[in-house]
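Q: return a 3D structure for these sequence lines:
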Amino acid sequence: MGFLNRIYNLWKGFLSLFAGRMEEKHPEIAFENAINSMTEKYAKLKSAAAGLIKHRAQLEAKIQKAERDLEEIRLQVQVAVDAGEDEAAMVLLEKQEELESAVAEHSRDLEQAAKDADSAKASLRDIKTEIDKLKREKDKVVAQIKDAEARKAIQEQLDGISVDDEVKALDNVRQYADKVRAEVQIGDELKEDGIDAKLAAIKAKTGNAKAAARLAELKKQRAAASAGGGGASESEGGKTL
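A: Numbers count the residues shown, from 1 in each chain. Now for the predicted structure:
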C-alpha cells in the first residue's frame, strides 16, 4: 500500500505540474475552470436554497392551518362548556393543547427555516458576485499577460539584434576607401619625384624660354622697322630741297 500511495502521489504531482504549466500558457483555461466550478457550486446552492424556501412555505402553510383549526377548537370548547358536555370539552381541550404545541413548534421551525433561507440567498449573492468578478478579472489578466508576452518577445528580439556586423562591414569599406586614396596619393607623389616628372618640368620651362625668345625677337624686329622708316622720310625731304 505504501508503494502504491507513493506512485499515486507521484502521478498526482505530475498531473498538477502539467496542469500548472498548461494554465501558465493558457491562463484563460484556469479562469474558465474556476468560473465553471463556481457556477456549479452556485447551481447546487441555488437548488438547496429552493428547498429551504419550499420548506419555509410549507411551515407557513401548516401554521396558518393550525391557527385556523385552533380557532375552531376554541369555539367548540366554549360551546361544549356552555352545553355542559364536560367529556367533550375535555377532548376538545386536549386537541387545543396539541394544536397550540404544533403552532409553537412550527413557528420555531419557521424562524430557523427563514434564517437558513436568508443565509442561502446571501451565499448565492456572494457566489454570483465572485463569478462576475472572475469573469472581469479573466478579461483583464489575459489581456495583461498577452501584452506582457508581446513586450517580452519584442525585448528578446531586440536583445538578439546586433549591429556589430553592419558596423564592421562599414568600417571595412571606410578602411578600403582610405587605402585606395593613400595608394593614389603615393602614386602622385612618386610621379612628382620621378625622372618623367622632372623631364616634363624641363620641357615646360624650355617651351616657355622659346616663347620668350621669339617674343623678344619680334619686339626687336618691330623696333628696327620703326627706326628705318623714320630715316627714309628725312632723306626724301632733303632731296626736295
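Q: show me where pLDDT drops low in the protein?
A: 1-25, 160-169, 187-201, 207, 229-241 (pLDDT under 70).
Q: which other helices and strands contact the helix or strand containing Lys128?
A: Assigned by DSSP states H and E, Lys128 belongs to helix 86-160. Packing contacts for helix 86-160, counted by 3 or more Cβ pairs under 8 Å, 6 or more residues apart in numbering; DSSP states H and E, involve helix 27-83. C-betas here are computed from N, CA, C, even on glycine.
Q: chain center to the helix it packs on, what's the gap?
A: Centroid separation between helix 27-83 and its chain, computed with Cα atoms, centre = their mean, to the nearest Å, is 51 Å.
Q: swap in stretch 77-93?
A: 86 Å.
Q: Ala120 against Ala49, yeah?
A: Yes. With contact defined as Cβ atoms under 8 Å, Ala120 counts as touching Ala49 (3.6 Å).
Q: hmm, back to that, just how off-centre is the helix holding Lys128 within its chain?
A: Put simply, helix 86-160 sits 35 Å off its chain's centre (Cα atoms, centre = their mean).
Q: got the angle for it vs helix 27-83?
A: 170 degrees (axes from the mean of the first three to the mean of the last three Cα atoms, to 10 degrees).
Q: go ahead and name everything in contact with stretch 141-150.
A: Here stretch 141-150 makes contact (Cβ atoms under 8 Å, 6 or more residues apart in numbering) with Pro27, Glu28, Phe31.
Q: most neighbours among those residues, which one?
A: Highest neighbour count within the contacts of stretch 141-150, by other Cβ atoms under 10 Å: Phe31, with 18 neighbours.
Q: ok, now which ones touch that residue?
A: Contacts of Phe31 (Cβ under 8 Å, 6+ apart): Leu134, Lys135, Glu137, Lys138, Val141, Val142.
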